[in-house]
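Engineer: predicted model and sequence follow; I will ask about them next.
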Amino acid sequence: MARQPSRLHIWFFRHLQVALASLGRLSRSPVATLMTSTVLGIAVSLPAGMWVMLDNVKQISGSWDGGASISMFLKNETSDTQIEVLINRLVKMPEIDSVDLITRDDALIEFQQFSGFGKALEVIQENPLPAVLVISPTPDHSSPEKSELLLTKLNQESHADFAQLDLEWVRRFHAITDIAIRAVIVLATLLSLAVLLIIGNTIRLEIQNRQAEIEITKLIGATNAFIRRPFLYSGFWYGLLGGLIAWLLVTVSLWLLSGPIEKLTGLYQSEFSLDILGLSTTVTLLLGTAFLGLAGAWLAVSRHLSAIEPE
Amino acid sequence: MISGRLMPMISLPLCLIMIRFDNVTKRYAGGHEGLSNVSFHMEPGEMAFLTGHSGAGKSTLLKLIGLLEHSTRGQVMVDGRNLGKVSSSQIPYHRRKIGMIFQDHRLLPDRTVFDNVALPLIVSGASRSEIGRRVRAALDKVNLLNREKAFPVTLSGGEQQRVGIARAVVSKPPVVVADEPTGNLDPELSEEIMNLFQQFNQVGVTLLIASHDISLVTKMRQRVITLNAGQLVADTHHPVN
């Protein structure tokens, strides 16, 4: 009796067997299985995809946060020497870290390159664009309040047409992303509920189809846990398959979007590139959908299995 | 031949009785009485037939033993246990002690003969090697060892019933009940099935077989319990030869 397998071994082996048997049952009707899991996949891919996009957006705005810079638009009549004097004075201010000059010519070239209005500019004889000083505050003075103080100071400069704090729209942007995050959470909750119900209904139908089998196994002394198990595994597999399909849909969508987005971010001279689904997001997605599948199956099983009694 | 197995059991008074019905009444929801005041008992290793017209209460009686139904009044005891006190979570464990055989076999059509017979062992958590050994032993007893990979639909009625019998005895339950096991079979096959039952009885299994085939039952020269309209009207013991 030395080689008698332990109870734990038997238990583990039995679970593995049931899990594989459930998978085998699903694979025997591939079209139906694929259709159900694709519905799940689409439902899950919507919030998952939006979440990834938001994550990317947050990443960009995060890089803006630290170095909120002030753009100072100079009056057109300001001469080059006046600008140079101004820059020299600004750089010496304790609040200011660095000053970058975008001359009127630089601005024109850039505008012609990226805006698509190059031809229109040729018609206008004069360069309409002002010179801009991009002023970065020192880290000590980059908090919203201190930047605000610096801004009022800079607005009083005689050569300044007006100065504008970029942080303003970073803040608005944050507010918008907060709303978007909330919307994604609401959407994810609703669609998770949909997944739960879809799987619950699929398992309910499976229970109905296998009613005779359930009766027979109850007759020969199967416990409810034993009868429940294959259905729970079915739900688990449906969920996991749905998660895989969602992953595929999101990845393909991101890949399709990455080209245009890189072009767009190029216009803002950003090095930004779209992040695809990372490992941890992928694992969370798959575990989440598998859990939803399990929960949906549990719902169906606890409602319908006890009603089936042998006669 | 059986005394070696049964002697220790007989020495314990509690085990003298395997199945006991005490004034058992089963009334269905509509008010119809399936069984009225039925009392009898069976000793371990005893074999008996249950006869009567259809609707006499044979199936009801067998269902009470397998806890497919609960008695309305009276007490059913199986293997020293009062079935009125078995909680619903304990029912599966009770059913594992009862091998049940049906007229319509109740096999799983999408599983092989081997898997069908193995089901009670899988349900009770036997190891793989044990399952293989016991299933083959059971199939050998019913002479179907060469058909273990076949699916039930490819078998004849008699063969399907033998698979059902193998499934009922594979986990060596102390009690086997059969509800019209030969109902769909011709006389020759019926006798074959009955001979099988007799062999199981000889190794100590308590057997209760419901059948309306009086001529077949008489031929078997065993105890006969007769029901009529839910009442026990006759209980004749035949001398064992």
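Structural biologist: Sure, I can see it. Every value quoted in this text rests on a predicted model; they were computed, and no experiment measured them. Numbering: from 1, shown residues only, chains lettered A, B, ... in the order given.

Engineer: got any ranges where chain B has weak pLDDT?
Structural biologist: B:1-15, B:239-241 (pLDDT under 70).

Engineer: er, the stretch 1-150 of chain A actually
Structural biologist: For the stretch 1-150 of chain A (pLDDT under 70), the answer is A:1-5, A:61-68, A:116, A:118, A:142-144.

Engineer: going by residue numbers, what spans are helices in chain B?
Structural biologist: For chain B, the helices defined by DSSP state H cover B:3-10, B:58-65, B:91-95, B:113-123, B:128-141, B:157-169, B:187-202, B:214-220.

Engineer: okay if I get those helices as a markdown table plus mean neighbour count and distance to A:Ser6?
Structural biologist: Backbone N, C-alpha and C define where each C-beta goes, glycine included. Formatted as a markdown table, the helices of chain B follow (neighbours: other C-beta atoms under 10 Å in any protein chain shown; distance: least, C-beta to C-beta, whole Å):
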| stretch | mean neighbour count | distance to A:Ser6 |
| --- | --- | --- |
| helix B:3-10 | 11 | 31 |
| helix B:58-65 | 23 | 35 |
| helix B:91-95 | 19 | 22 |
| helix B:113-123 | 23 | 18 |
| helix B:128-141 | 17 | 13 |
| helix B:157-169 | 24 | 27 |
| helix B:187-202 | 16 | 33 |
| helix B:214-220 | 15 | 46 |
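
Engineer: can you redo the ones you listed as CSV with distance to chain A?
Structural biologist: Formatted as CSV, the helices of chain B follow (distance: least, C-beta to the nearest C-beta, whole Å):
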stretch, distance to chain A
helix B:3-10, 22
helix B:58-65, 8
helix B:91-95, 4
helix B:113-123, 4
helix B:128-141, 7
helix B:157-169, 7
helix B:187-202, 17
helix B:214-220, 25
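
Engineer: mind putting these into TSV with distance to A:Ile199?
Structural biologist: Below are the helices of chain B laid out as TSV (distance: least, C-beta to C-beta, whole Å):
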stretch	distance to A:Ile199
helix B:3-10	51
helix B:58-65	35
helix B:91-95	27
helix B:113-123	26
helix B:128-141	31
helix B:157-169	33
helix B:187-202	45
helix B:214-220	51
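
Engineer: what parts of chain A come near chain B?
Structural biologist: A:4-5, A:7, A:10-11, A:13-14, A:212-213, A:215-224, A:226, A:309-311 (C-beta under 8 Å from any C-beta of the partner chain).

Engineer: repeat that with 7 Å
Structural biologist: By C-beta under 7 Å from any C-beta of the partner chain, the part of chain A that sits against chain B consists of A:5, A:10, A:213, A:216-217, A:219-223, A:226, A:310-311.

Engineer: neighbour-wise, which of these leads?
Structural biologist: Using other C-beta atoms under 10 Å in any protein chain shown as the neighbour test, the residues of chain A next to chain B are led by A:Ile220, with 26 neighbours.

Engineer: tell me the contacts of it?
Structural biologist: By C-beta atoms under 7 Å, 6 or more residues apart in numbering or on different chains, the residues touching A:Ile220 are B:Arg95, B:Leu119, B:Pro120, B:Val123.

Engineer: what's the most distant pair in those residues?
Structural biologist: Pairwise distances across these peak at 12.2 Å for B:Arg95 and B:Leu119 (criterion: C-beta to C-beta).

Engineer: which of the residues of chain A next to chain B fall in strands?
Structural biologist: Judged by DSSP state E, strands contain none of those.

Engineer: give me the lowest-pLDDT entry from the residues you listed.
Structural biologist: Least confident of those in the model: A:Pro5, at 67.

Engineer: low pLDDT regions in the stretch 151-300 of chain A?
Structural biologist: For the stretch 151-300 of chain A, applying pLDDT under 70 flags the ranges A:166-168, A:170, A:268-274.

Engineer: going along the chain, name the helices of it.
Structural biologist: For the stretch 151-300 of chain A, the helices defined by DSSP state H, counting those that start in this stretch cover A:167-209, A:211-219, A:224-267, A:279-304.

Engineer: would JSON lines of the ones you listed with distance to B:Val86 be doable?
Structural biologist: Below are the helices of the stretch 151-300 of chain A laid out as JSON lines (distance: least, C-beta to C-beta, whole Å):
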{"stretch": "helix A:167-209", "distance to B:Val86": "25"}
{"stretch": "helix A:211-219", "distance to B:Val86": "14"}
{"stretch": "helix A:224-267", "distance to B:Val86": "15"}
{"stretch": "helix A:279-304", "distance to B:Val86": "22"}
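
Engineer: domain-wise, how is the chain divided?
Structural biologist: Looking at chain A here, since you left the chain open. Here the domain parsing of chain A from automatic domain parsing is A:11-64+A:171-304, A:69-165.

Engineer: actually it's chain B I care about, not the one you picked
Structural biologist: Domain ranges of chain B: B:3-97+B:173-236, B:108-172, per automatic domain parsing.

Engineer: which single one of the residues of chain A next to chain B is nearest to B:Val135?
Structural biologist: Of all the residues of chain A next to chain B, B:Val135 sits closest to A:Ile220, with 13.5 Å by C-beta to C-beta.

Engineer: how about that closest one, nearest residue that isn't a chain neighbour?
Structural biologist: Leaving aside its chain neighbours, A:Ile220 sits nearest to B:Pro120 (4.7 Å; criterion: C-beta to C-beta, 6 or more residues apart in numbering or on different chains).

Engineer: count the residues that sit near the nearest residue to A:Thr103 once chain neighbours are set aside.
Structural biologist: Excluding the flanking residues, the one nearest A:Thr103 by C-beta to C-beta, 6+ apart is A:Ala131, at 5.4 Å. A:Ala131: 22 surrounding residues under other C-beta under 10 Å.

Engineer: need phi/psi at A:Ala131.
Structural biologist: Recorded main-chain torsions at A:Ala131 are phi -80, psi 150, according to degrees, to the nearest 10.

Engineer: surely it is in contact with A:Asp105?
Structural biologist: No: counting by C-beta atoms under 7 Å, A:Ala131 does not reach A:Asp105; the two are 9.0 Å apart.

Engineer: could you find the closest non-adjacent residue to B:Arg201?
Structural biologist: If you look again at residue B:201, you'll see it is Asn, not Arg. Setting aside the residues directly before and after it, B:Asn201 is nearest to B:Met47 in space (C-beta to C-beta, 6+ apart), at 4.2 Å.
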